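Novice: structure for this input, please:
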Amino acid sequence: MSVANNAQASSGRLARNSVGISHIIFFVVAAAAPLTAVVGATPPAFAFGNGAGVPGAFVLAGLLYLIFSVGFTTMSRHVGGAGAFYTYITQGIGKPAGVGGAFIALLTYSSVQIAVYALLGVSTQAMVAPYGLDLPWYVWALAFLVLVHLAGQRNIAFSGAILGLCMLAEIAILLVLNIAILVAGGGPEGINLTSFEPSTVFSAGLGVTLVFVVGSFIGFEATAIFAEEVDRPEVTIPRATYVSIVLIAVFYAFSTWTIGLHYGPSKVQEVANSLLGAFYFDAATNVLGAWAAITMNVLLVTSLFACVLSFHNTLNRYFFALGREGLAARALGKVHATHGSPYVAGILQSVSAATVIIAFAAARQDPFTVVFPYMSALTVIGILTVQAVVCISVIRYFRKNSHGHGPWQTLIAPALAFVGLAGALGLVISNLELLAGASNIVVDSFPLLVALVGLGGIVFAIRIKGSDPVRYAALGKVFEA
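Specialist: Alright, predicted model coming up:
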C-alpha cells in the first residue's frame, strides 16, 4: 500500500490519473452494449417503426447527442466531479434541482442495471440449459452480480480492461456479419442507400423508431463521471464524449444498414415482424453458417456482462458523490486505500441490486416480458428527463459567466438539444405501451414516478437547508482535477 494511495483514501478523492481516454470510451460503448442494442433493440424498431429508415434514425439520434454534448462538454471544463449530472444541475440551476436530478439519475441507473441483470440471467439460462445445467435465471443473474461486484472493487482501469475485451469481441462478430453481407452483394435489392434517404427516414413510424434508438445511446454521459480519475479532464472528457457518440452512431447505423440490405429495404419491415428475436441470428446463419449464430449468442452474454459492469461503476460514483457530500451515509464517500475505488458505495448498490432481483424472483415475474422491458422503459424516461434538465442547467450556468465561450456552446446548442430531448421524451411517453410491452397501472405510472422522485429530491434538499445550512452550502461542490 503506497503513501500516495493512503493519502488518496484519506482525502475522500478517487484515484487520480487511473484511467485514460480509451478506458472511458470502453465504459461508454460497453454501457451502450453494441451487440445487445443491435440484436435486441433494432428488430422491433424495424418491425414497428419506419422499417428500412432505422439506420437513418441512428444518424439523427447521433446528431442530437452531438449537439447536446457541445454544451455538456463545455461545462465539463469548469465543473467536475463524480456526481456528473448532479453537479452540473446544482451549479447551473441550484442545489434543490441538483439533488432532484441526482435522485432521478439513481433511479435511472438502478433500473437499467436490473433490466440488464434480468436479460443476462435469462440469456445465460437459455444458452447453458441444453448442456444439462438448467438453473433459474435469477441464479445466473446473482452469480454475475458477484463477478461485477468484485471487478468494481478494483481500480477503475481493471474494469476498463475487461470492458475493452468484451466490447471488441461483440463488435468483431457484428462487423464480420456486416462485411460478409456487403461482400455477398447486399441482398435481393443489391447495395443501395435507401435507408438514408429522407423519404425513408422520415416516413411513418419514425417516432416509434426513435423510442428504441434513443435508448441505445444510454450511458454516453458517463464520461463526465470519471472526471476526477483522468489526466487533463478538460481535454479527455470532451474527446471521450464525442468519440463515443460518433462510434455508437456510426456502428449502429452501419450494422442496421447492412442487415436491411440482407433482407431488402422493401421487405425488411415485414421480415422483422415475423422474426423479431431471430432477426439477426437467422441472417448470421444464412450468411456465415451456424457457428456464427452460436458465437453471437455467447457474445450476447459477454455484451450484457460488460454493460452491467459499466453501469455498476457509474452507480458507484453517484453513491460516492452523494455520500461524500452528506446526502447519504458518509461511509459511501470512502475510497479503497489500495485501489482508489468507491468500494463502500459498491457494496451498497450490489446489495440493493441483489435485493431487487430476489424480490422479482420471489414474485415470479418473468425476466424477459416483465423485468427487462419495464425497467428499460423506466430508464429511458428517467435519462431523457435528466438530460433535458442538464440542457437548461448549461444555459443558466453560462449566463452567469460565459468563461469566454461563444453563444453556440453556451446557448444555441443546449437550447436545440433541449427541444430534441423534450420531443424524444414526449415520443417515449406516448409510445410507452410499445416500449414496455404492456399497458397497466404500473407502466402508466412511470412518468409520474420519475417526477415524484425528482420532487422528493428537491424537498429533501430544502429540508437540509433548514436543518443543516453548512451541509447545504457544500452541496454540488466542484472538485478540481
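
Novice: where does the stretch 51-200 of the chain dip in pLDDT?
Specialist: For the stretch 51-200 of the chain, the stretches flagged by pLDDT under 70 are 80-84, 155-160, 163.

Novice: for it, what spans make up the helices?
Specialist: For the stretch 51-200 of the chain, the helices defined by DSSP state H, counting those that start in this stretch occupy 54-76, 85-92, 95-128, 137-153, 156-183, 198-201.

Novice: which of those helices is buried the deepest?
Specialist: Highest mean neighbour count among the helices of the stretch 51-200 of the chain (mean count of other C-beta atoms under 10 Å): helix 85-92, with a mean of 27. No exception for glycine: its C-beta is placed from N, CA and C like everyone else's.

Novice: distance from that one to the middle of the chain?
Specialist: Relative to the chain's own centre, helix 85-92 is displaced by 19 Å; criterion: C-alpha atoms, centre = their mean, to the nearest Å.

Novice: spatially, what comes nearest to Y86 if we skip its sequence neighbours?
Specialist: Sequence neighbours aside, A102 is the residue nearest to Y86 in space, at 3.7 Å (criterion: C-beta to C-beta, 6 or more residues apart in numbering).

Novice: same deal with H403?
Specialist: H78 (5.9 Å).

Novice: then Y138?
Specialist: In space, Y138 is closest to A361, 3.9 Å off (C-beta to C-beta, 6+ apart).

Novice: wait, the one you found sits on W140?
Specialist: No - A361 is beyond contact range of W140, at 11.2 Å (criterion: C-beta atoms under 8 Å).

Novice: look up how far A118 lies from the residue nearest to Y138.
Specialist: The gap separating A361 from A118 is 10 Å, by C-beta to C-beta, to the nearest Å.

Novice: now do the shared contacts for these two.
Specialist: Common neighbours of A361 and A118 (criterion: C-beta atoms under 8 Å, 6 or more residues apart in numbering): W137.

Novice: show me the shaky parts of the stretch 201-350 of the chain.
Specialist: Along the stretch 201-350 of the chain, segments meeting pLDDT under 70 span 222, 225-231, 336-337, 339-340.

Novice: all the helices of it, residue numbers only.
Specialist: 206-215, 233-263, 268-275, 279-287, 290-324, 343-362.

Novice: what angle sits between the first one and helix 95-128?
Specialist: Angle, helix 206-215 to helix 95-128, by axes from the mean of the first three to the mean of the last three C-alpha atoms, to 10 degrees: 90 degrees.

Novice: ignoring the adjacent residues along the chain, who's closest to I248?
Specialist: In space, I248 is closest to A32, 5.1 Å off (C-beta to C-beta, 6+ apart).

Novice: OK, contacts around that neighbour?
Specialist: Counting by C-beta under 8 Å, 6+ apart, A32 touches 216-220, 244, 248, 307.

Novice: can you lay out those as TSV showing distance to L300 and neighbour count?
Specialist: As requested, those are arranged in TSV below (distance: C-beta to C-beta, whole Å; neighbours: other C-beta atoms under 10 Å):
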residue	distance to L300	neighbour count
S216	15	24
F217	19	25
I218	18	24
G219	17	23
F220	21	26
S244	21	27
I248	18	24
C307	10	32
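
Novice: report the two of the residues you listed separated the most.
Specialist: For the contacts of A32, the maximum inter-member distance is 14.1 Å, found between S244 and C307 (C-beta to C-beta).

Novice: in contact with A240, which residues?
Specialist: A240 neighbours (C-beta under 8 Å, 6+ apart): 21, 24-25, 28, 223.

Novice: how about I383?
Specialist: Residues near I383 by C-beta under 8 Å, 6+ apart: 108, 218, 221.

Novice: the first one reaches M375, doesn't it?
Specialist: When you say that, I think you mean T108. No - the pair T108 / M375 is not scored as a contact, 10.0 Å apart, by C-beta under 8 Å.

Novice: number of residues surrounding the closest residue in space to G186 that isn't next to it in sequence?
Specialist: With sequence-adjacent residues excluded and distances taken as C-beta to C-beta, 6+ apart, G186 is closest to L261, at 3.9 Å. If you count neighbours by other C-beta atoms under 10 Å, L261 ends up with 27.

Novice: distance of the residue nearest to H403 relative to I429?
Specialist: Look at H78 and I429: by C-beta to C-beta, they are 33 Å apart.

Novice: neighbour count winner among the two?
Specialist: In this view H78 and I429 are compared by other C-beta under 10 Å, and I429 has more residues nearby, 18 against 14.

Novice: in contact with P43: list those residues for me.
Specialist: 272, 275-277, 279-280.

Novice: ok, for it, nearest residue in space, not its chain neighbours?
Specialist: Distances taken as C-beta to C-beta, 6+ apart place F279 nearest to P43, at 4.1 Å, with adjacent residues excluded.

Novice: let me know the pLDDT of S2.
Specialist: Looking at S2, its pLDDT reads 41.

Novice: can I get the helices of the stretch 51-200 of the chain in JSON lines including distance to S445?
Specialist: Formatted as JSON lines, the helices of the stretch 51-200 of the chain follow (distance: least, C-beta to C-beta, whole Å):
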{"stretch": "helix 54-76", "distance to S445": "27"}
{"stretch": "helix 85-92", "distance to S445": "23"}
{"stretch": "helix 95-128", "distance to S445": "13"}
{"stretch": "helix 137-153", "distance to S445": "25"}
{"stretch": "helix 156-183", "distance to S445": "34"}
{"stretch": "helix 198-201", "distance to S445": "33"}
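
Novice: which one of those helices lies nearest to L327?
Specialist: Taking C-beta to C-beta, helix 95-128 is the member of those nearest to L327, at 6.5 Å.

Novice: taking helix 290-324 as reference, get the angle to the closest one.
Specialist: Counting by the same axes, to 10 degrees, helix 95-128 lies at 150 degrees to helix 290-324.

Novice: who are the packing partners of helix 95-128?
Specialist: With contacts taken as 3 or more C-beta pairs under 8 Å, 6 or more residues apart in numbering; DSSP states H and E, helix 95-128 sits against helix 85-92, helix 137-153, helix 290-324, helix 343-362, helix 372-400, helix 446-467.

Novice: and of the ones you listed, who's closest to A57?
Specialist: Evaluated over the helices and strands packed on helix 95-128, closeness to A57 peaks at helix 372-400, with 14.9 Å, by C-beta to C-beta.
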